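> this one's sequence-less:
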């Protein structure tokens, strides 16, 4: 089997799954935008996920368009490619790849930045006030980083391994216009991952008894929900970008990369959207399951007294714990509502 077929078939297959996954995420977040009570309190996160999934889906679409001619040779093994894109089309594909390739990590960085705000206890509403500026900055950055190679006529076909090729930037120095944002985004994600791990360990050992015995926590439940979702996106992005980052750096130093590294690079890039879909689906299912578990648990227990001596019913506790209400409110200036405080105020 030729190198191009080895690299293209799994890449196209994973990219198709990514496109479907991104469609699911976009549709799901679009439905969330129709729920005014959820969207207004959580517009930054919902819009960020929507645009991130859209960008990752376009990136997966580029993977399909780029390697489909080679992947279809499984039906005609005598050829290394069923067709070749002409120079103009290849340049357009290269520009398309550059834009989505530089924009995608920036959308993920915004997720990591939002998580950083929650970890440090800052109100997410502060960041949300600058939502349009942040979104505009990401789009403009992607456009500028796409125009720079175009001004030098650097878009075209490049060889990877054997007879495999891709439409992108054919000058190594200008490939840094994509490498630098990706490496910086991966580094930022790694820092957030370390901070998140430290915070998790501190939270686990400090609040474990309260959560088990009183079903309360000093960390607000809506922040816990958002943190879980954002943390999952951060971790998946960090893992998915490992092999592409290693291969890009290796390619800058050497003339060519090993076949296995190129394969992992292609599949990883194509699977970013698939990771988005899996994270979104699993976190939604997990929080739905947690809510059901909480309701069942409370039905088998006596009402829990809050610190002020007021009785907490199953309905008030469950409604305050629901996923739909577990988003940060723009009216919350300090982001530090306790679950017991919410229930106390609701009962007065």
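Okay, I see it. Bear in mind the structure is a predicted one, so any value in this text is a computation, not a measurement.
> ranges for the strands of this structure?
Using DSSP state E, the strands of the chain run over 155-159, 165-169, 304-305, 311-312.
> How about the contacts made by residue 59?
By Cβ atoms under 8 Å, 6 or more residues apart in numbering, the contact list for residue 59 reads 18, 97, 100-101, 104, 269, 272-273. Every residue, glycine included, has its C-beta placed from N, CA and C.
> mind checking pLDDT for the nearest residue to residue 275 once chain neighbours are set aside?
The spatial neighbour of residue 275 that comes closest, neighbours along the chain excluded (Cβ to Cβ, 6 or more residues apart in numbering), is residue 236 at 4.2 Å. Note on residue 236: pLDDT of 90.
> ok, the residue most central in space within the chain - contacts?
Ranked by distance to the mean C-alpha position of the chain (Cα atoms, centre = their mean), the top residue is residue 233 at 4.2 Å. Counting by Cβ under 8 Å, 6+ apart, residue 233 touches 108, 111-112, 276, 279.
> 10 Å - rerun?
By Cβ atoms under 10 Å, 6 or more residues apart in numbering, residue 233 lies in contact with 48-49, 52, 107-108, 111-112, 114-115, 189, 275-276, 279-280, 283.
> next one: residue 107
Neighbouring residues of residue 107 by Cβ under 10 Å, 6+ apart: 48-56, 134-135, 138, 142, 185, 233, 237, 276.
> okay, and for this structure, where does confidence drop off?
Applying pLDDT under 70 to the chain flags residues 1, 36-41, 80, 162, 203-226, 287-348.
> Buried only: go through the contacts of residue 59 for me.
18, 97, 100-101, 104, 269, 272-273 (16 or more other Cβ atoms under 10 Å).
> Just give me the closest of these to residue 262.
The nearest member of those to residue 262, counting by Cβ to Cβ, is residue 269 at 10.8 Å.
> Roughly how far does the nearest residue to that closest one once chain neighbours are set aside sit from residue 265?
Leaving aside its sequence neighbours, residue 269 sits nearest to residue 244 (Cβ to Cβ, 6+ apart; 5.5 Å). Separation of residue 244 from residue 265 (Cβ to Cβ, to the nearest Å): 5 Å.
> same deal with residue 31?
Applying Cβ to Cβ to residue 31 and residue 265 gives a distance of 34 Å.
> So for residue 189, what's the nearest residue that isn't a sequence neighbour?
residue 238 (4.5 Å).
> if I read this right, the one you found contacts residue 111, doesn't it?
No: in this structure, residue 238 is not within contact of residue 111 by Cβ atoms under 10 Å, at 11.5 Å.
> So for those two, which residues contact both of them?
Common contact partners of residue 238 and residue 111 (Cβ under 10 Å, 6+ apart): 189, 192.
> Looking only at neighbour counts, state which of those two leads.
Neighbours per residue (other Cβ atoms under 10 Å) separate residue 238 from residue 111, with residue 111 holding more: 23 against 20.
> what are the ranges of the helices in this structure?
3-34, 36-41, 43-71, 87-119, 124-128, 131-151, 176-214, 221-240, 242-253, 259-270, 272-299, 314-321, 339-347 (DSSP state H).
> Distance check, residue 255 against residue 231.
Counting by Cβ to Cβ, the gap from residue 255 to residue 231 is 39 Å.
> Name the residue in those two with the higher neighbour count.
residue 231 (23 against 7).
> Grab the nearest non-local neighbour of the more buried one.
Nearest residue to residue 231, sequence neighbours excluded (Cβ to Cβ, 6+ apart): residue 196, at 5.6 Å.
> which residues touch that neighbour?
Contact analysis of residue 196 by Cβ under 10 Å, 6+ apart lists 112, 115-116, 118-119, 227, 230-231, 234-235.
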